[in-house]
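Novice: kindly generate the corresponding structure for this input.
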Amino acid sequence: MDRIELARVVKAARARIAPEDVGLPAGPRRRVPGLRREEVAQLAGLSFEYVVRLEQGRGPQPSDQVLTALTRALRLDRDEREQVFRLAGSSPPLPGRIEMSLRPSVLRLLERLSDLPALVLSAKGDVLAQNSMACALLGDFMCWPDGQRNIIWQRFLGAGVTHVSTPEEAETTAQQYVGWLRTARSRYPDDPDLRSLIENLLNASEQFWSMWEEGRSTTSRSMRKTIKHPDLGTLTLDCDTLLLPDTEQSMIVFSAAPGSPGAAALDELRATTAR
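Specialist: Numbers count the residues shown, from 1 in each chain. Okay, the predicted model is just below:
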């Protein structure tokens, strides 16, 4: 691990990112170019003290999960990400592994969708990013602990996804999630994090085990979803899936027909988010 060079690369990457690039206010008293350390820590789900030690060249060797979160927060491209992994003494993600980093162009697209809730998922259901409208509609998924920032894990073992209101929809969603993981396993048989997720679900959830035994596979599909929001009540939205084929990531976008109750609810949500 080359701590000094890793610290230099991380600081330089932090300085290149403008606060508005990641949806943060610039503020009148900002004395340093780019992001502050605490902002990088927030975006990556790390502690402020950890980022400080890393930039001072005195931190412990980061795990692959930490490096993935850090390079995603710093918006590094594939070559830059591989450099960070090697400087940290780790092997970059190999071909055949599920892609967990987002291209900067995808993040820009996500931010441009300011009128609609949208989020990006990995091929195994990890929440990689969400815009402010999605946070307001579904909650801030980035607050979930690392390793549980996965909609399928949350559906069967967690309490993070609580907005599906009808039993029929909950059953359909659960079956789709199980089939989604079966499809991911057929495409990424050597991905260790995918294997660990499936084993965890099989051992801890009887419902998941029962559905897994049925042997169905599927991909994420567009559908209508009923969402029970704590402030807006029950609303029905179209949930469309836009596939990013080179990474097999999915952008999920929620919308409603003009003049519908769902559209009115989204207008109210948009106004609240702007405030």
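
Novice: C-alpha only now, for contacts and for neighbours.
Specialist: OK.

Novice: residue 197 - how many residues pack around it?
Specialist: 17 (other CA atoms under 10 Å).

Novice: any idea how far it lies from residue 65?
Specialist: Counting by CA to CA, to the nearest Å, the gap from residue 197 to residue 65 is 14 Å.

Novice: need the residues touching each of the two.
Specialist: The overlap between the contact sets of residue 197 and residue 65 (CA atoms under 8 Å, 6 or more residues apart in numbering) is empty.

Novice: where does pLDDT dip in the protein?
Specialist: In the prediction, the chain carries residues with pLDDT under 70 at positions 26-28, 30, 93-95, 160-165, 217-221, 275.

Novice: just after the longest helix along it, pick out the following helix or strand.
Specialist: For the chain, the helix with the greatest residue count under DSSP state H is helix 167-187. The helix or strand immediately downstream of helix 167-187 is helix 192-204, counting by DSSP states H and E.

Novice: and the next helix-or-strand element following that next one, what's buried?
Specialist: Using DSSP H and E, the helix or strand that follows helix 192-204 in sequence is helix 206-213. Using 16 or more other CA atoms under 10 Å as the test for burial, helix 206-213 gives 208, 209, 211, 212.

Novice: what about the closest residue to the last one other than its chain neighbours, neighbour count?
Specialist: The reference is to residue 212. Distances taken as CA to CA, 6 or more residues apart in numbering put residue 178 closest to residue 212, at 6.2 Å, once the chain neighbours are dropped. Residue 178 has 28 neighbouring residues, counting by other CA under 10 Å.

Novice: from what I can see residue 178 touches residue 213, true?
Specialist: No: if you go by CA atoms under 8 Å, residue 178 and residue 213 don't touch, sitting 9.8 Å apart.

Novice: show me where the stretch 1-150 of the chain has its strands.
Specialist: With DSSP state E, counting those that start in this stretch as the criterion, the stretch 1-150 of the chain has strands at 118-121, 127-130.

Novice: hey, which of the ones you listed is tucked in deepest?
Specialist: Highest mean neighbour count among the strands of the stretch 1-150 of the chain (mean count of other CA atoms under 10 Å): strand 118-121, with a mean of 24.

Novice: give the partner strands of that strand in its sheet and their orientations.
Specialist: strand 127-130 (antiparallel), strand 249-255 (antiparallel) (DSSP bridges).

Novice: got the end-to-end distance for stretch 15-31?
Specialist: So stretch 15-31: terminal residues 11 Å apart, CA to CA.

Novice: got the buried residues for that stretch?
Specialist: Buried, per 16+ other CA under 10 Å, within stretch 15-31: 15, 17, 18, 19, 21, 22.

Novice: what's the most distant pair in these?
Specialist: 15 and 22 (12.9 Å; CA to CA).

Novice: about what we covered before: so which of the strands paired with strand 118-121 is nearest residue 8?
Specialist: strand 127-130 (25.5 Å).

Novice: could you list the domains of the chain?
Specialist: 3-87, 104-274 (automatic domain parsing).

Novice: can I get the strands paired with strand 118-121 in JSON lines with distance to residue 38?
Specialist: Below are the strands paired with strand 118-121 laid out as JSON lines (distance: least, CA to CA, whole Å):
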{"stretch": "strand 127-130", "distance to residue 38": "18"}
{"stretch": "strand 249-255", "distance to residue 38": "28"}
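
Novice: of those, which is nearest residue 102?
Specialist: Nearest of the strands paired with strand 118-121 (CA to CA): strand 127-130, 7.4 Å.

Novice: quick one: distance of that closest one to the chain centre.
Specialist: Relative to the centre of its chain, strand 127-130 is centred 2 Å away, using CA atoms, centre = their mean, to the nearest Å.

Novice: ok, stretch 248-257 next?
Specialist: 13 Å.
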